[in-house]
Each structure stands twice: as C-alpha cells, then as structure tokens.
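Asks: Have a look at this prediction, sequence included:
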Amino acid sequence: MNDPRTALDILRESDEEGETASPFEELDDDETAGPDDEDNDDDDTAALELEAEEEDTGDIRALRKRGKKQVSLEELRQLQRRSRARGQRIGVKKARKVLPQKAKPRPKLPPTFVPPNNGARQLFNKWASRGSQFVMRQEGHFYSVAEIRCKCLGNEKAAWLHIPKGEYPLFNVAVGESFTLLGNSATVTTNWTNLQRPSKVTYSETEFLIQSITMQEAGLRVRYDGAEIDKLAGIGEAKSVLTGQAWLWD
C-alpha cells in the first residue's frame, strides 16, 4: 500500500534524517534567483538539473523506499521545483569557483602618438597645404640606446632586476657628445646611435615618418660599492667591470 502522505511530506522527513538534502536551505537570494524565477535561462537551468540527477540526489529513491510509487501532478511539480533549485545551487557553486578576469591595463601612449596610417595622411596633407610636391628622399634605419638603471634584488640563490618607474629618453644625444653610464663619463659612438648633429639645423624642413619600432637589450653593466671593491685584493681588470666602467655583457 502506498504511503498516504504527500511526496513533499516524505522528502521533508528524509531531509531531516539526512537521507536527502533540501535544495532550499542556505540559498542566498542576492546571488541566485528562486526556483520560480522566470528570468532564468531555461536551457542553462535544464542542463544543471541533469547534472543534479547524475549526482543522484536521492529524492526518487527515498520515495520508493517509503512505498511512494505514484505521484500526482502537483507532487511532480514539487519534485521539479526541488530539482530546479538544486541545479541552481550547483550553478552558483561553479560560478564562485571561476575567478573574475581583471582587464589588462592599456599602455599609456605618448601625447604625440599618431595612430598607424594617420601619420602618412598628415604628412601628405601638410605638404599639399603648402602647395609643394611631396618628395620621399630615402628610407633609413635609426637607432639609439637609452640607459635604464635597474635595482638588483634578491639573494645569492635568486636575484632579479627591477626597472623603476620613470621616463627614459631616446635620441637625446648624438655621436661625439658626452653622456654617462652608471655615472661614469663616456663619449657617444656609433655603438649607441647613428644620430649625428654636425649643425643644429641639419634636419630643417625635413619630415620623418616612423613606420615601425623595435626594442632589444643591448648590454649590461653593474656597479658595486667602491669602498667594498677596494677591500678585495687581486681582482685586477675585474675592478672596472664591478664599478660600472666596463660592460659585464655586451
């Protein structure tokens, strides 16, 4: 003989005994809609309900165990509500496991930056407004080295170089001019740039259109405390390398 109690009464009893788990406990209304919320995506909810079935919620087994072999349409609706709510709980748990992806900060472009292709148009328009013919004299390759002073951090087992935030100018010196590397005086040669300024008006009325820019490491120097280096005996030519006067790697 079937149990005269309703399916919901039986499931409440099995929930209390720990045989089944009520899907309505500890639901956070701010994080998930209720089982009768019509705004939920039916396809997603149905998929989660199937997952709940695959995980064996025990509702049907609990009813059979207590002799409940037939259910009315209203009881069937109650079972569907439990399944739907259980599927939503699974969805909330999965959503919490997914860490939100932070948007990567876009690099700050210089105020003089001209978007690709716009540079050529601006040059053509500028020459057209002058009433002069645009003349492309030659293509060239220009290079320059910027000194970036890094701070060495870490210990003898793991060390790294930290680049401090700041501005690092390029093409600010020309061949033959004086500059410094780690505070040591030096003269600019073609190893560092091919920029030359035989006169201050060399590039008068000349327009440059930068088509591409590449960067790479050019060399490495180190500078230890001079007082500590002086305490070391017999280091010979290594002193110039350890005080930043010569290249450790070039």
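Replies: Nice, I can see it. Numbers count the residues shown, from 1 in each chain.
Asks: what's the helix or strand for the residue nearest the centre of the chain?
Replies: Nearest residue to the geometric centre of the chain (C-alpha atoms, centre = their mean): K104, 4.4 Å. For K104, there is no helix or strand it lies in under DSSP states H and E.
Asks: So that it lines up with my notes, have the first residue be 42 from now on.
Replies: Got it, the first residue is 42 from now on, which makes the last one we talked about K145.
Asks: what about it, distance to P156?
Replies: 20 Å (C-beta to C-beta, to the nearest Å). The way it works is simple: take the backbone N, C-alpha and C, and place the C-beta from them, glycine included.
Asks: so G160 touches L250, yeah?
Replies: Yes - checked against C-beta atoms under 8 Å, the pair G160 and L250 is within contact range at 5.4 Å.
Asks: How about L211: what's its closest non-neighbour residue?
Replies: S185 (4.6 Å; C-beta to C-beta, 6 or more residues apart in numbering).
Asks: isn't that neighbour right next to Q237, touching?
Replies: No - counting by C-beta under 8 Å, S185 stays clear of Q237, with 11.7 Å between them.
Asks: what are the ranges of the helices in this structure?
Replies: In the chain, the segments counted as helices under DSSP state H are 48-57, 83-95, 100-106, 114-138, 159-171, 267-271, 279-283.
Asks: buried ones in the first one?
Replies: So the one you mean is helix 48-57. By 16 or more other C-beta atoms under 10 Å, the buried positions in helix 48-57 come out as 48-49, 51-52, 55-56.
Asks: Now tabulate those residues in JSON lines and tack on pLDDT.
Replies: Converted to JSON lines, the buried residues of helix 48-57 look like this (pLDDT from 0 to 100):
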{"residue": "A48", "pLDDT": "77"}
{"residue": "L49", "pLDDT": "77"}
{"residue": "I51", "pLDDT": "79"}
{"residue": "L52", "pLDDT": "79"}
{"residue": "S55", "pLDDT": "79"}
{"residue": "D56", "pLDDT": "76"}
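Asks: which one of the residues you listed is nearest K167?
Replies: The closest of the buried residues of helix 48-57 to K167 turns out to be D56 (C-beta to C-beta; 79.3 Å).
Asks: Distance-wise, check that closest one relative to R122.
Replies: D56 is 14 Å from R122, by C-beta to C-beta.
Asks: do G99 as well
Replies: The value you get for G99 to R122, if C-beta to C-beta is used, is 16 Å.
Asks: which of G160 and L250 has more neighbours?
Replies: The neighbour count for G160 versus L250, taken as other C-beta atoms under 10 Å, is higher for G160 (16 against 11).
Asks: Next up, the contacts around the more buried one.
Replies: Counting by C-beta atoms under 8 Å, 6 or more residues apart in numbering, G160 makes contact with 250-251.
Asks: Apply 10 Å and report the result again.
Replies: 154, 248-252 (C-beta atoms under 10 Å, 6 or more residues apart in numbering).
Asks: what does T153 give?
Replies: So T153 contacts nothing (C-beta under 10 Å, 6+ apart).
Asks: hey, what's in contact with both of S185 and Q237?
Replies: 215, 229.
Asks: Look at the closest residue to T230 other than its chain neighbours and report its pLDDT.
Replies: Nearest residue to T230, sequence neighbours excluded (C-beta to C-beta, 6+ apart): V216, at 6.5 Å. For V216, the pLDDT comes out at 92.
Asks: which stretches of this structure aren't confidently modelled?
Replies: 42-44, 66-98, 134-140, 240-246, 291 (pLDDT under 70).
Asks: and it, what are its domains?
Replies: Split into domains by the TED database, the chain comes to 42-64+92-137, 182-244.
Asks: and the gap between the closest residue in space to F65 that isn't next to it in sequence and Q119?
Replies: Leaving aside its sequence neighbours, F65 sits nearest to A126 (C-beta to C-beta, 6+ apart; 5.8 Å). A126 sits 11 Å away from Q119, going by C-beta to C-beta.
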